[in-house]
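Participant: Turn this into a structure:
(4 chains)
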Number of protein chains: 2
Amino acid sequence: MAPTTSSAATRDRILTATTELFRRQGYNGTTLSQIVEASAATTGSIYHFFPGGKDELTAEVLRVSGAGYGELVEIVIRSALDPATGMHNAFEAAGQLMIETDFIDPCPIGTIAREVASTNEPLRLVAADVMQGWVERLAAVLVDAGIDAAQSERLASMSVTTIEGGFVMARTLKDIGPFLSAGEVVRQLIADALPE
Amino acid sequence: MAPTTSSAATRDRILTATTELFRRQGYNGTTLSQIVEASAATTGSIYHFFPGGKDELTAEVLRVSGAGYGELVEIVIRSALDPATGMHNAFEAAGQLMIETDFIDPCPIGTIAREVASTNEPLRLVAADVMQGWVERLAAVLVDAGIDAAQSERLASMSVTTIEGGFVMARTLKDIGPFLSAGEVVRQLIADALPE
DNA sequence: GTCTATATCTCGATAGAC
DNA sequence: GTCTATCGAGATATAGAC
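Facilitator: Reported below is the predicted structural model:
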């Protein structure tokens, strides 16, 4: 039972355009009219697909892009010989992306979360779900590599913390040096925890 | 040569109120009329002290509060027996503050930096100066404790990265667990680098 | 599902009296 | 230095034809 082709395409265009705008401008810095223009949709279409307006659209952007980032990072890590190397590769790839995009935010979720955490509880909860999901996903990879559950959870949490902080630093300084050197620390932390 | 009492008080009230609003709502989420109300000033006074409007006021908030945070952290670290313990104390204090304030942002600079990095180059540069200053300040403390210059710079950079990432996590999850456990990792990293 | 038109509100900024 | 009044622009959201 395939969805109507044109509807799906429009909804997707709206989500994609909004994600891209959020990466450059955050949540409060992005307006609906910018989304209308960038997605080549109309105000009517946006409210058709997201009757709750900007906040419902934002929640969906957080969920969809959050799941995408989590999946991407897991794939990068699992395709390496071990998770320490894999995490290192993930930092390298994100750093390369920042260089290539002139330091547009690789992932807007941390920015939006910090923007709305005290003022928009529904959106904060969505962001918290996404971030908790990242930690659990990473922890599962580390458990699969033979690290015990508690240590895996701590390392996974530290990894997400470092990635988020690294984005703040890189984007502000327009320099991936601190980001990559933080990635090297995380690589070592994971390597030290690996069995054998 | 003391400044006019009333003027200085008003200017300070504007800066303080704006910093507080930024901690809850970020840059784009805070309006001039909110600043007027919270500072008990008037539009005219704001433009009198900050002729460049919101952006000039924001730049000054970044500089003043950024210097304040840097000084505070240095004092906390230097008042401990060694910088590893001191850094641990700084994480504990920040965590305590987040609990007490229901997770209002302890420091809005990272949020604002990420909000404006792609859209407001003058403000991005101010934020970069502030952040670079933190790293240099922390590195100097580590050098004083006997760690070589290159290693001190890396550890200082990693510390700021971890603090910023920890703020994102704590504020989003409303849980200081990940923040404190990241602080424990940083404490260990510094302890391992200390001579003797 | 998509479109245009528009309602209602608030934004940042300015003017000019005091 | 501080005040009130207000500007023009642009915000989110809605209405109703198609």
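
Participant: Run through the residues of chain A sitting next to DNA strand D.
Facilitator: Counting by CB under 7 Å from any atom of the strand, chain A comes close to DNA strand D at A:Thr30, A:Thr31, A:Leu32, A:Ser33, A:Gln34, A:Thr43, A:Gly44, A:Tyr47, A:Gly53, A:Lys54, A:Asp55. For glycine as for every other residue, the C-beta is placed from the backbone atoms N, C-alpha and C.

Participant: Spit out the contact partners of the last one.
Facilitator: Taking CB atoms under 8 Å, 6 or more residues apart in numbering or on different chains as the contact definition, A:Asp55 lies against A:Asn120, A:Pro122, A:Leu123.

Participant: shouldn't the second one be in contact with A:Ala59?
Facilitator: Yes: in this structure, A:Pro122 sits in contact with A:Ala59. The criterion is CB atoms under 8 Å, and the distance is 6.9 Å.

Participant: higher neighbour count, those two?
Facilitator: A:Ala59 (18 against 13; other CB atoms under 10 Å in any protein chain shown).

Participant: I'd say the more buried one and A:Leu125 touch.
Facilitator: No: in this structure, A:Ala59 is not within contact of A:Leu125 by CB under 8 Å, at 9.1 Å.

Participant: so who does A:Ser152 touch?
Facilitator: Here A:Ser152 is in contact with A:Ala139, A:Ala140, A:Leu142, A:Val143 (CB under 8 Å, 6+ apart).

Participant: how much space between the residue of chain A found nearest DNA strand D and chain B?
Facilitator: Nearest residue of chain A to DNA strand D, counting by CB to the nearest atom of the strand: A:Gly53, 2.6 Å away. Note on A:Gly53: its distance to chain B, by CB to the nearest CB, to the nearest Å, is 17 Å.

Participant: Average pLDDT for stretch A:157-177, rounded please.
Facilitator: For stretch A:157-177, mean pLDDT rounds to 98.

Participant: now that stretch, how far from the chain's geometric center?
Facilitator: Stretch A:157-177 sits 12 Å away from the centroid of its parent chain (CA atoms, centre = their mean, to the nearest Å).

Participant: Are it and chain B in contact anywhere?
Facilitator: Yes: remark: stretch A:157-177 sits within contact range of chain B at A:157-158, A:160-169, A:171-174, A:177, by CB under 8 Å from any CB of the partner chain.

Participant: Could you tell me which residues within that stretch count as buried?
Facilitator: Along stretch A:157-177, these residues count as buried under the neighbour rule (16 or more other CB atoms under 10 Å in any protein chain shown): A:157-173, A:175-176.

Participant: Convert the C-alpha atoms of it to PDB, please.
Facilitator: Taking C-alpha atoms only, stretch A:157-177 is exported to PDB below (Å, rounded to 0.1, in the frame of the first residue of the first chain):
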ATOM      1  CA  SER A 157      27.700   8.400  27.000                       C
ATOM      2  CA  MET A 158      31.100   9.900  27.000                       C
ATOM      3  CA  SER A 159      31.300   9.400  23.300                       C
ATOM      4  CA  VAL A 160      28.100  11.300  22.600                       C
ATOM      5  CA  THR A 161      29.100  14.000  25.100                       C
ATOM      6  CA  THR A 162      32.500  14.400  23.300                       C
ATOM      7  CA  ILE A 163      30.900  14.500  19.900                       C
ATOM      8  CA  GLU A 164      28.400  17.200  20.900                       C
ATOM      9  CA  GLY A 165      31.100  19.300  22.600                       C
ATOM     10  CA  GLY A 166      33.300  18.800  19.700                       C
ATOM     11  CA  PHE A 167      30.600  20.200  17.400                       C
ATOM     12  CA  VAL A 168      30.400  23.300  19.600                       C
ATOM     13  CA  MET A 169      34.100  23.800  19.500                       C
ATOM     14  CA  ALA A 170      34.600  23.100  15.800                       C
ATOM     15  CA  ARG A 171      31.700  25.300  14.600                       C
ATOM     16  CA  THR A 172      32.700  28.200  16.900                       C
ATOM     17  CA  LEU A 173      36.400  28.100  16.200                       C
ATOM     18  CA  LYS A 174      36.100  27.000  12.500                       C
ATOM     19  CA  ASP A 175      38.800  24.500  13.300                       C
ATOM     20  CA  ILE A 176      38.500  20.800  13.400                       C
ATOM     21  CA  GLY A 177      41.700  20.400  15.400                       C
END
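
Participant: Now A:Val76: closest residue in space, sequence neighbours ignored.
Facilitator: Distance criterion CB to CB, 6 or more residues apart in numbering or on different chains; nearest residue to A:Val76, sequence neighbours excluded, is A:Ala90 at 4.7 Å.

Participant: A:Val116 now?
Facilitator: Spatially, and ignoring its direct neighbours in sequence, A:Val116 is nearest to A:Leu123 (4.7 Å; CB to CB, 6+ apart).
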